[in-house]
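*Asks:* need a 3D model of the sequence below.
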Amino acid sequence: MLDEATALFVRTLSKRLDLRSATAATQFLNTHLAARWEILDRVETLRRGPELKGVLLLTHVDDRPYRSPERELVLLADPEDVPVEWIASKLAELEPLFGEDTYCVLEPVYPLVPQLRAAGFGLAKLALGGRVRDVLGALDRRAPLDVDGLEFAQMVVEDVDFVIAQRSEFFRLRPELGFGSLDLTTEQQAKIDAAVRDSLLKRLAEGLECSWVIRSGGERLGAFGLSPYFDHPIYGNVAGIDVMLEPEIQGNGVGRAAYATMMKRAAELQIENIRGTTSNPAVVHMAVGMNRQLNGWFFRRRGPYLPATAFDYPHVARS
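*Replies:* Numbers count the residues shown, from 1 in each chain. Okay, the predicted model is just below:
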């Protein structure tokens, strides 16, 4: 069953990605699904003859560092023949099990948005990707930026406490943009802070010079950086991106200047792709102008949700 579900996953991704190696992608996705299988609560399958056409997996509560405890609903289907009616019936059957803390990442090639909404899910985040060269091209076509008075300095160990405090305060004030909970406990916040610290220190120790702080007159006003992953079995040389700005420098093109700095460094590091999730409408708006591509819909049972206009995010067939 695990291998068959993995094969559906590979076929689905092949609809929107040029996979570098089907073998490497299969091994990676098999490991990804096996982790869900270890905490599996419910599995539903649809076969037509011997062929697996659809799978629904519902996990037990998963408590990972970057989000509050939630259950995950995994939907996999034959991308050439998505069994929409069967999936809708199973969602209705399983709905009493979902509770508030269930999420689902929906592949954009599956026409299942109405069915998830009918089951009480709302769109909480967009998973976005993009080619570094395309983002750089979009930035080069925009008007030059003026960030006089601000310094983009390479991050050092002494900046880490500031970055952690800034992130914690930002998500305390805007919890709807965070990790899935509006009421993180002290223990959960401490776990997130520890994970962020470990990630930043590891990145600095690697010496890749891909993390920055924004200063003005010696005062720190923001931070941004890349999280590189080289030779990813699906995305190649890929990086996550992160930008945090204090309110006084928001809305003045500083975010776009930070993106430009990161993309130029990404090109120097031979990073081909960027990817990540966001629930920030301002980031979604900026992503459209940077040729960011839709990689998936991130649905949750509990809001708050992105505005309905987020469903209009442009689809890009392949990346």
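
*Asks:* where exactly do the strands run in this structure?
*Replies:* For the chain, the strands defined by DSSP state E occupy 40-48, 51-59, 71-77, 102-106, 122-131, 151-154, 211-216, 219-232, 236-245, 273-278, 293-300.

*Asks:* redo those as JSON lines? Include mean neighbour count, distance to residue 19 and mean pLDDT.
*Replies:* Heads up, the C-betas are built off the backbone N, CA and C, glycines and all. Shown next, in JSON lines, are the strands of the chain (neighbours: other C-beta atoms under 10 Å; distance: least, C-beta to C-beta, whole Å; pLDDT from 0 to 100):
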{"stretch": "strand 40-48", "mean neighbour count": "14", "distance to residue 19": "24", "mean pLDDT": "96"}
{"stretch": "strand 51-59", "mean neighbour count": "19", "distance to residue 19": "20", "mean pLDDT": "96"}
{"stretch": "strand 71-77", "mean neighbour count": "22", "distance to residue 19": "16", "mean pLDDT": "95"}
{"stretch": "strand 102-106", "mean neighbour count": "21", "distance to residue 19": "18", "mean pLDDT": "93"}
{"stretch": "strand 122-131", "mean neighbour count": "21", "distance to residue 19": "14", "mean pLDDT": "90"}
{"stretch": "strand 151-154", "mean neighbour count": "14", "distance to residue 19": "35", "mean pLDDT": "93"}
{"stretch": "strand 211-216", "mean neighbour count": "20", "distance to residue 19": "30", "mean pLDDT": "94"}
{"stretch": "strand 219-232", "mean neighbour count": "19", "distance to residue 19": "11", "mean pLDDT": "94"}
{"stretch": "strand 236-245", "mean neighbour count": "19", "distance to residue 19": "10", "mean pLDDT": "92"}
{"stretch": "strand 273-278", "mean neighbour count": "21", "distance to residue 19": "13", "mean pLDDT": "90"}
{"stretch": "strand 293-300", "mean neighbour count": "22", "distance to residue 19": "14", "mean pLDDT": "90"}
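
*Asks:* closest to residue 18 out of these?
*Replies:* Across the strands of the chain, residue 18 has its closest neighbour in strand 236-245 (9.8 Å, C-beta to C-beta).

*Asks:* starting at the chain centroid, how far to the closest one?
*Replies:* Chain-centre distance of strand 236-245: 10 Å, with C-alpha atoms, centre = their mean, to the nearest Å.

*Asks:* phi first, then psi, for residue 271.
*Replies:* Main-chain torsions, residue 271, degrees, to the nearest 10: phi -80, psi 130.

*Asks:* burial count for it?
*Replies:* Per other C-beta atoms under 10 Å, the neighbour tally for residue 271 reads 23.

*Asks:* what residues are up against it?
*Replies:* For residue 271, the contacting residues are 132, 226, 228, 230, 237-239, by C-beta atoms under 8 Å, 6 or more residues apart in numbering.
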